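**Q** Test case, fold it:
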Amino acid sequence: MNIIFKRDTWQEIYYSLRNNKLRTFLTMIGVGWGMFLYVSLLGAANGMENGFNKLFSGFATNSIFLWPQNTNIPYEGFAKGRKMDLHLKNIEYLTKKVPEIDYISPQSVRGNFGTAGEQISRNGKKNTYMITGDFPVGNQISKKKLLFGRYINDADIQSKKNVIVIGEEIYKNLFDAKKNENPIGKSVNLKGIFFNVIGVFRVPRGGGMENDQSAYIPFSTYSGMYNEGDKVGFFAIVGKPNAEAALVETKVKDELKRINHVSPEDTNAFGSFNLAKEFKKVTGFLTGMQLLTIVVGTLTILAGVIAISNILLITVKERTKEIGIRRALGAKPAEVRNQILLESVVITLSSGLLGFLSGIFLLIILNIATMNNDAFPFYNPTVDYGNVFSAMGIMIFLGLVIGLIPAQRAVKIKPIEALRTE
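**A** Numbering: from 1, shown residues only. Prediction:
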């Protein structure tokens, strides 16, 4: 009959562990701590990754923001310091010349990029806010979480409608938010012009690249208000899924320099911010954290398993006489070896399960503590149970391998010499 299914085997393991409670407990801490680190740190890394994904949910993370500046190199008879401009007609040109571009969202802003905001008022309440002229495609760059109404559509652009989408903070300042007043269809005053509110959006605390003290109006309406024609404040350029953002950024700048007669070496003519590059750094950091967690957890588990081997060596020495008696009564070497190996596996598995449960408990506490904290990029810290069970399997395998050392020592004990041991 297999040794695993013998009652006497488990009784011997129980009495052996019970007679050395403190030593067994201290030994189990090593493996348990390794598994605890593995589960908790891996879950925390996943929580941070989920948090950043939630923070930028609805946002085109493969975006590049590009705006005009001044030249700093004379070129083709033009002096340095020449002011650059972006125009709507550039969009069609760039999408043809740079096939890696998926789409471009043109926007113009008051209250950002060094310009003052505009005053919005209603029923004697007023304040200064950022105003953006936008197209419907702008909502693809950063999907607005609407509390009321809708976003700007093509009909608003074509008819140059005086409609506005306001942030939650503007809504709270100008409307009775405590009574959940519906602002849709009601008017606010912007530059002496009445705009009908068609939507209210919310930005999570610390979320994305926007704020809820801003408002959006149709780009055509914005251009008419400020007499800017087809001039654009900046382009939000989204590359195709497999396109390298840095390559798109370089190509776009090169094309704009060419049509504006700017020196190819001029690095100041057009400013840019590569969100895809920055987001890639964040994801790379999180991946590095996960790899570091796996390495640290594995090494800690290995150290704990080695400690189990050392303890079992001491146990074998203390049980020399007992092993000798068993051998004298006819116990086969394989039975003695399997007994020690099974004891090693029991200690290793029990330690791992204890560490695993402790790690899961910690992640549950962290999840509860950060559940409604939108300002902190941490959400749903979970672990891949496939990875955990794989680690558990490796841990048991290591326990078996390391357990062979004391097991072989036990097998080599000669019955006569063991019976002479005091």
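**Q** which regions of the stretch 151-300 of the chain sit below the pLDDT cut-off?
**A** 204-210 (pLDDT under 70).
**Q** which residues of it fall in helices?
**A** For the stretch 151-300 of the chain, the helices defined by DSSP state H, counting those that start in this stretch cover 154-158, 168-174, 219-226, 245-259, 275-318.
**Q** how about CSV for those, with mean neighbour count and distance to residue 359 added?
**A** Where C-beta positions appear, they are placed from N, C-alpha and C, glycine not excepted. Output for those, formatted as CSV (neighbours: other Cβ atoms under 10 Å; distance: least, Cβ to Cβ, whole Å):
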stretch, mean neighbour count, distance to residue 359
helix 154-158, 15, 52
helix 168-174, 20, 38
helix 219-226, 19, 51
helix 245-259, 18, 36
helix 275-318, 17, 10
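**Q** Export those as CSV, with columns for distance to residue 339.
**A** As requested, these are exported to CSV (distance: least, Cβ to Cβ, whole Å):
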stretch, distance to residue 339
helix 154-158, 79
helix 168-174, 68
helix 219-226, 80
helix 245-259, 61
helix 275-318, 10
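**Q** Find out how far stretch 177-190 is from the centre of the chain, if you would.
**A** 36 Å (Cα atoms, centre = their mean, to the nearest Å).
**Q** residues contacting the residue nearest to the spatial centre of the chain?
**A** Geometric centre of the chain, nearest residue: residue 49, 1.7 Å, by Cα atoms, centre = their mean. Residue 49 makes contacts with 283, 286, as judged by Cβ atoms under 8 Å, 6 or more residues apart in numbering.
**Q** in a helix, that's where it is, yeah?
**A** Yes: looking at residue 49 with DSSP: H, G, I helix; E, B strand; the rest coil, it is inside a helix.
**Q** nearest spatial neighbour of residue 65, skipping sequence neighbours?
**A** Take residue 65 and drop its neighbours on the chain: the residue closest to it by Cβ to Cβ, 6 or more residues apart in numbering is residue 273, 4.5 Å away.
**Q** My guess is the one you found contacts residue 64. True?
**A** Yes: look at residue 273 against residue 64 with Cβ atoms under 8 Å: they come within range, at 7.2 Å.
**Q** Which residues does the closest residue to residue 256 other than its chain neighbours form beta bridges with?
**A** The shortest distance from residue 256 to any non-neighbouring residue, by Cβ to Cβ, 6+ apart, is to residue 270 (5.7 Å). Beta-bridge partners recorded for residue 270 (DSSP bridges): residue 68.
**Q** Tell me how many other residues surround residue 270.
**A** 23 (other Cβ atoms under 10 Å).
**Q** What about the residue nearest to residue 65, how many residues nearby?
**A** For residue 273, using other Cβ under 10 Å, the count is 15.
**Q** picking up where we left off before, and residue 95, which of the helices of the stretch 151-300 of the chain is closest to it?
**A** Among those, helix 245-259 comes nearest to residue 95, with 10.1 Å by Cβ to Cβ.
**Q** how far out from the middle of the chain is that closest one?
**A** Centroid separation for helix 245-259 versus its chain: 30 Å, with Cα atoms, centre = their mean.
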